Structure formats: C-alpha cells, structure tokens
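Student: Have a look at this prediction, sequence included:
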Amino acid sequence: MAHRSPARFLAPLALLAVVAALFMVVQSSRTDSGGSGSPNRATDARPTATPTPQRKGPRRYRVKVGDTPSSIADKTGVPLEDILRLNPDLDPQTIQVGQRIRLR
C-alpha cells in the first residue's frame, strides 16, 4: 500500500477548525453587540431609568398565552416589583389567559 500524505487527513480537520472559529465569532458578535453603535457613547453614562411621578400608558394588561409576570414587565415597561406590589394576589403558577393585571 502506498504511503498517504498527512495533508489528506489534516485538510478536513483544518476545515472543521475554520467552521468552528467562524461559528464562535458570529455567536459572539450576536450576544455582545446589543444593537448599540459604539460602546463608549455619552448616553451610556446616564442613568437608564428615572422615576416619574405619573406614568403614561395602559392601567391594566390582559394576560396572553405564554405570559409570565417578568415578560409582562418587559412588554409594558413597568418594573416587576411594581406589578407584584399592585397585584398581591398574583401567583405566577396560576396566572390565566384573559386575566387582567394592574399596571399603575
């Protein structure tokens, strides 16, 4: 049997290494970017939320399929602590579709 070149075995390994490296770079850029243009913008130094005495927006939220208290907080912009404070009888395990939740 003829002697086989080591390149015959190394070429597929090199291809796999390049594909794995490319995959890691793409995944890293997706999680790190966050949609902001430059990480050192002046707006990044300001506080992200300032308490306002009176909120604009809906007073109640109707629960949809798959909603949780934290997902409702994300959708409405109302802090989770406020939702839980305004709805003391709210149990995340028994939340039902169509249930109305106070937001302010």
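Tutor: Received, thanks. Numbers count the residues shown, from 1 in each chain.
Student: roughly how far apart are residue 85 and residue 24?
Tutor: Using Cβ to Cβ, to the nearest Å, one obtains 43 Å as the distance from residue 85 to residue 24. For glycine as for every other residue, the C-beta is placed from the backbone atoms N, C-alpha and C.
Student: make that residue 76, sorry
Tutor: In this view, residue 76 and residue 24 are 36 Å apart by Cβ to Cβ.
Student: More neighbours: which of the two?
Tutor: Using other Cβ atoms under 10 Å, the more surrounded residue of residue 76 and residue 24 is residue 76, with 17 against 10.
Student: Isn't that one up against residue 62?
Tutor: No: with contact defined as Cβ atoms under 8 Å, residue 76 and residue 62 do not form a contacting pair (11.3 Å).
Student: Just the pLDDT at residue 98, thanks.
Tutor: Looking at residue 98, its pLDDT stands at 90.
Student: What residues does it make contact with?
Tutor: Neighbour list for residue 98: 62, 63 [criterion: Cβ atoms under 8 Å, 6 or more residues apart in numbering].
Student: do the same with residue 18
Tutor: Counting by Cβ under 8 Å, 6+ apart, residue 18 has no contacts.
Student: Ignoring the adjacent residues along the chain, who's closest to residue 68?
Tutor: By the measure of Cβ to Cβ, 6 or more residues apart in numbering, the closest residue to residue 68 outside its immediate chain neighbours is residue 92, 6.0 Å from it.
Student: Backbone dihedrals for the one you found, please?
Tutor: Main-chain torsions, residue 92, degrees, to the nearest 10: phi -60, psi -20.
Student: quick thing: my sequence starts at 633, can you match it?
Tutor: Right, with 633 as the first residue, what we last looked at is residue 724.
Student: count of residues packed around it?
Tutor: For residue 724, the count of nearby residues is 10 (other Cβ under 10 Å).
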